[in-house]
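Enquirer: okay, sequence plus prediction incoming.
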Amino acid sequence: MISLEQFFDGAPAVHASAPGRVNLLGEHTDYNDGFMLPVATPQRTTVAIAPSGDDHFHFYADVLDETVTFQRQHHAPQGFGSYIEGCIRLMEEHKVEVPPLRVYTHTTLPVGSGLSSSAALEVAMLRALRELTGAQVDDVLLAQMAQQAEIRYAKVQCGIMDQMASSLADEEHMLFIDARSLEHRVLPLPPGAEIIVMDTGVPRKLAGSKYNERRSECNEAARLLGVQALRDVTDPDAVEKLPSPLRERARHVVRENLRVLEATRGVSAQRFGELMNESHFSLRDDYQVSIEELDVITARLREQDGVYGARLTGAGFGGACVALCEKGRAQAAAQAALERYNAGHRKGRVLIPELSHK
């Protein structure tokens, strides 16, 4: 492990950070031009940068204890360096001159848990570049650049939600996002409620999952329905004429958008929890991105007093889940759910709230 001071042989020029995100509702809707309701996590990724003094980029990720070095005119190998290089190249495309850099990354986000550690890295890196170069980049454009960095350099066909949430959301409010117009507005959490986030202990590798396959299926479903994107379908019955599995994929997206829109109109915590449960069952049955551990951990949460609803969060295939809970009861509910989940020789953990150990 290399310390920050060792890596820079002193102090870096710039520090910047960005949060991960937990999506409360609106899963697999962003790349369908749909609607989402994420919140920011207290866990963050921090990036420190300084000019390298040579013609090479030098990147270090302390969570991996891994270093990447490459010449300015070359490219980083696929891996964490791809995300960082993508941010640099996107800045350059916007006529911002970026010198060869030393880049040190540190994160308190659990990598592979579905809390978008990749978007946090991209947004933190772009914030650092903005500060170092004085680039005129607002927070929405910064999110768009982060998304393109991930698509073009990390080769993940992601939507815009993760980057918008990391760039614009906070921990105390939901951020409503329209993926087509990028309209966004801050909304209060349901009254008298707080969130729980638990990691299944099963890591999720987004690019290696069936994420890109689901995106292709949605594009084909939209084509067969004669619409630009599934967001344009507002009647759930319209998808029933599609062949399987396109019918099920489209059914999830259309109904998920309707769930988000209902939630934005202001619903009780109990109703919000019901919408979360419906979302999970749809992701499990129609979108087929859940796994046994996600189904079990959300079931353990629903059993707890004060929990209104629970669902997987992120792309699925492992990672984390989120629950809505009566305010003041999250610690006890999370601890009890964790004990029952881990009794099956699993290695789950509570990410939010931080558990007190008395």
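Expert: In hand now; what should we look at?

Enquirer: nearest residue to the middle of the protein?
Expert: By C-alpha atoms, centre = their mean, the chain has its centre lying nearest to residue 116, at 3.2 Å.

Enquirer: quick one: that residue from residue 127, how far?
Expert: 15 Å (C-beta to C-beta, to the nearest Å). To be clear about C-beta, it is placed using only N, CA and C from the backbone, and glycine gets the same treatment.

Enquirer: pretty sure the residue nearest to the centre of the chain contacts residue 164?
Expert: No. Counting by C-beta atoms under 8 Å, residue 116 stays clear of residue 164, with 10.6 Å between them.

Enquirer: double-check that residue 310 belongs to a strand.
Expert: Yes. With DSSP: H, G, I helix; E, B strand; the rest coil as the criterion, residue 310 is part of a strand.

Enquirer: which ones are touching it?
Expert: 196, 273, 276-277, 280, 297-299, 301-302, 321-324 (C-beta atoms under 8 Å, 6 or more residues apart in numbering).

Enquirer: got it, and residue 227?
Expert: Residue 227 touches residue 233, counting by C-beta under 8 Å, 6+ apart.

Enquirer: quick check: the gap between it and residue 235.
Expert: 11 Å.

Enquirer: strands paired with the lengthiest strand in the chain, and their directions?
Expert: For the chain, the longest strand by residue count, based on DSSP state E, is strand 35-51. Strand pairing for strand 35-51, determined by DSSP bridges: strand 14-25 (antiparallel), strand 101-107 (antiparallel), strand 173-178 (antiparallel).

Enquirer: name the helices or strands packed onto the helix or strand just after that strand?
Expert: With elements assigned by DSSP states H and E, the helix or strand that comes after strand 35-51 is strand 56-61. With contacts taken as 3 or more C-beta pairs under 8 Å, 6 or more residues apart in numbering; DSSP states H and E, strand 56-61 sits against strand 66-71, helix 80-93, strand 101-107.

Enquirer: need the ones you listed in CSV with mean neighbour count, mean pLDDT and distance to residue 265, can you?
Expert: Shown next, in CSV, are the helices and strands packed on strand 56-61 (neighbours: other C-beta atoms under 10 Å; pLDDT from 0 to 100; distance: least, C-beta to C-beta, whole Å):
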stretch, mean neighbour count, mean pLDDT, distance to residue 265
strand 66-71, 14, 97, 46
helix 80-93, 22, 98, 36
strand 101-107, 23, 98, 35
